[in-house]
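In: here is the input, now give the coordinates:
(4 chains)
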Protein chains: 2
Amino acid sequence: MVNLKQLSELLELSQTTISRALNGYPEVGEKTRQRVLEAARKHGYKPNSNARKLATGRAGSIGYVLPVGHNVDLDPHFVEFLSGMGEHALTREVDLSLTPAPRERETEAYRRIAASRSVDGVYLSSMRNDEQRISLVRELGIPFLAHGRALEPANGYAFLDIDNEGAFHDAARLLLQLGHQRLAFINGDTNFAFAVHRLNGVIRAMNAHGLPVSALQHHSAAMNEENGYRLAMALFRDADPATRPTGVLSASMFSTLGIVRAFNQLGMRIPDDVSIITHDDVFPFLKPESFSVPLTTTRSSIRAAGARICERLVNIISGKEAAHVQEIWPVELIVRASTGPAPAERRIVRRRPAEAAE
Amino acid sequence: MVNLKQLSELLELSQTTISRALNGYPEVGEKTRQRVLEAARKHGYKPNSNARKLATGRAGSIGYVLPVGHNVDLDPHFVEFLSGMGEHALTREVDLSLTPAPRERETEAYRRIAASRSVDGVYLSSMRNDEQRISLVRELGIPFLAHGRALEPANGYAFLDIDNEGAFHDAARLLLQLGHQRLAFINGDTNFAFAVHRLNGVIRAMNAHGLPVSALQHHSAAMNEENGYRLAMALFRDADPATRPTGVLSASMFSTLGIVRAFNQLGMRIPDDVSIITHDDVFPFLKPESFSVPLTTTRSSIRAAGARICERLVNIISGKEAAHVQEIWPVELIVRASTGPAPAERRIVRRRPAEAAE
DNA sequence: TGACTTTTCCAAAGCGCTTTGGCTTGCCTT
DNA sequence: AAGGCAAGCCAAAGCGCTTTGGAAAAGTCA
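Out: Residues are numbered from 1 along each chain as shown, chains lettered A, B, ... in the order given. Sure thing, here's the model as predicted:
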């Protein structure tokens, strides 16, 4: 485990030349370079990353402030996202640095990151409606990229988001076209912008279809099995089958696990009694095909987003990306067996339930 | 954003004194210290972390080599684990540094970590039977702590593991006591040590009960919904109800999602036709109570393990922990409604199905 | 061949901290 | 009064790299 100085003595070359040879600068002769490369490999020389960071001012890593706390559940989306980031980070030789911080000390964490220069840039996720972090990191001078966007992308900043509004518009439109007149939306927490966008999409579809907003039962909560179950029970347990919703939109596969459990318990069949469309972030461990009735979904890979975010953030850091690119990914609507004609219409087409279910 | 030098000029003190004052060394007068603290806060002075790392040789972070690659799914366990680590890391002011690496370049990644001194220690997880990393990191001189243990903990090394053997022994014993004579075990990948330990536990219980190993149908695969479904279908679809297994052990809640789906599809009722016990790592987003029939589980919080690993690793790094502490956590067996008497015995106790299910 | 580039290499100055090894004071002994 | 001892402070030497500003060697052109 030699250092630069020792290697330079070994080779009888200056540290400068070695550094240049290794970092691919043109000011060094080809034979010398080969000699250096050879010796470096042979002696297992690896530059000390801290020294390099100090000298260059570059950290070689991108940061994330990891929300922790007793009532904060890092959700499984994160691991998929991380996985995507990691895959790209690998090709750029950057590390990921996580700075844990409870919500109330978030600001402090960003300040520390900025002051200590331990990362070259950060990415922000779980954008809230009243997002404070944008102006904070901007003021601190940390290069950043947002995953998602706040409600009002004031001043313009770089982000990558999916078209949540469009996705849920399309999903709602499909239900409406299938004849569903009463919809329920078990949404994520509307303190987050994505949930608001989704709600807007649903409402736009209903408006376009001439339906009043009152025809929508909307509930907002953290996306997990428990809430899915609880809200579905609240919506359907004592509801009159003639007036209860026949089409349900769900913000996540986890919510849907709970919703489906409630339906089973209440003896409601999918899609005969109720249709359901879920957003799918593409988890390898839980797929829409893995439900008793394969789910119709709006699909967007969060893993791919992770990779792309990493790519863009690295570009932003190195100045290769012009400022404020706002990238919005379209979302696919994949029809599977959980959607069908509304019960009222069903009587008419009952002869062909198989096709109806497709 | 001042640096040490500027602050020292401002205060007309040497850099030494300021550094000492801030780091709590005794060689500095109390009034001076207060003056320094005050000024540091006022000017927002934060030591540059890279300079500090270079000077001290300490990185202030703990590392993990993040497995990436197209067929590598970072599973949701990881995020819970990470969450636990983060919670503790916070109290010790350390960051978590993830170095992505595909499996085949893992060794290289550890070498780079070691050479570049970017972290103070690493934790190892997903221990394999033929674990290579132990000797590698030891040879590289990186302080480490293993989550789990290899089959042969040769030479002794520090680890934290749960009692997988005991957990599945107890689970199997419960099924046997309930009269189940034919068991199935949908295990995790037996290339990993934990899965082998679990299998050993099941076999020990069967031996103790005088049952031959042939009474166990054992399957090993990655723990996810798909495999759970596939294996359960393979086991039960065409099986003779008189000879098929009546008790099932499942290695993870995700597998169990699939298993339960298969049971539903095959019209098998839990626990009337089949009992099931699952291992539960305690995910906030998917709980054993969230199944149509609440699951009997062996439970151990992976989040708590994450916190404990962080705590111990920090101690190991700072030399506070003596070498080679091997910590094994007991696992609780929580009985819920998914276990009941074996069908053959059921006829006898059928009068009291409610109690039987408890 | 001499002047002018270009190539190839180097010494030394940082980067911003910590830490070693003193140097002053002022105070207490004897 | 002289020696001894803390207490409180500082100058300077690293930590291991990158990068600036040359300088020497080599090649080019008239």
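In: roughly how far is stretch A:18-31 from the heart of the chain?
Out: Relative to the mean C-alpha coordinate of its chain, stretch A:18-31 is positioned 41 Å out (Cα atoms, centre = their mean, to the nearest Å).
In: with stretch A:171-180 instead?
Out: 26 Å.
In: and the strands in the stretch 151-300 of chain A?
Out: Secondary structure of the stretch 151-300 of chain A, counting by DSSP state E, counting those that start in this stretch: strands at A:159-162, A:183-187, A:216-220, A:247-250, A:275-280, A:296-299.
In: and these: which comes nearest DNA strand D?
Out: DNA strand D sits nearest to strand A:159-162 of all those, at 29.2 Å, using Cβ to the nearest atom of the strand. Heads up, the C-betas are built off the backbone N, CA and C, glycines and all.
In: and the residue in chain A positioned nearest to DNA strand D, what is it in contact with?
Out: Here chain A gets closest to DNA strand D at one residue, residue A:4, 2.7 Å apart by Cβ to the nearest atom of the strand. By Cβ atoms under 8 Å, 6 or more residues apart in numbering or on different chains, the residues touching residue A:4 are A:15, A:18-19, A:45, A:47.
In: and the pLDDT for residue A:102?
Out: pLDDT, residue A:102: 91.
In: same question for residue A:6.
Out: Residue A:6 is given a pLDDT of 92.
In: so it: helix, strand or coil?
Out: Under DSSP: H, G, I helix; E, B strand; the rest coil, residue A:6 falls in the helix class.
In: burial count for it?
Out: If you count neighbours by other Cβ atoms under 10 Å in any protein chain shown, residue A:6 ends up with 12.
In: before we move on, back to that, of the strands of the stretch 151-300 of chain A, which is nearest residue A:323?
Out: Residue A:323 lies closest, by Cβ to Cβ, to one member of the strands of the stretch 151-300 of chain A: strand A:159-162, at 11.9 Å.
In: returning to that earlier point: filter the contacts of residue A:4 by proximity to DNA strand C?
Out: Residues of these in contact with DNA strand C (Cβ under 7 Å from any atom of the strand): residue A:15.
In: if I look at the residue of chain A closest to DNA strand D, how far off is residue B:110?
Out: 22 Å (Cβ to Cβ, to the nearest Å).
In: over to residue A:62?
Out: With Cβ to Cβ as the criterion, residue A:62 and residue B:110 are 21 Å apart.
In: looking at these two, which is more packed in?
Out: residue A:62 (26 against 23).
In: helix/strand/coil for that one?
Out: strand.
In: bridging residues for it?
Out: Here residue A:62 shows beta-bridge partners residue A:96, residue A:121, assigned using DSSP bridges.
In: who touches it in this structure?
Out: Residue A:62 neighbours (Cβ under 8 Å, 6+ apart): A:89, A:94-97, A:119-123, A:310, A:313-314, A:317.
In: check contacts around residue A:259.
Out: Residue A:259 makes contact with A:186, A:228-229, A:231-232, A:248, A:250, A:276 under the criterion Cβ under 8 Å, 6+ apart.
In: give me the neighbour count for residue A:26.
Out: Other residues within reach of residue A:26, judged by other Cβ under 10 Å, total 6.
In: pLDDT at it, what is it?
Out: Looking at residue A:26, the pLDDT reads 89.
In: redo the contacts of residue A:4 as a markdown table? Include distance to residue A:172.
Out: Output for the contacts of residue A:4, formatted as a markdown table (distance: Cβ to Cβ, whole Å):
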| residue | distance to residue A:172 |
| --- | --- |
| A:15 | 65 |
| A:18 | 63 |
| A:19 | 60 |
| A:45 | 60 |
| A:47 | 55 |
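In: ok, of the contacts of residue A:4, which come out buried?
Out: A:18-19, A:45, A:47 (16 or more other Cβ atoms under 10 Å in any protein chain shown).
In: out of these, which touch DNA strand D?
Out: A:19, A:45, A:47.
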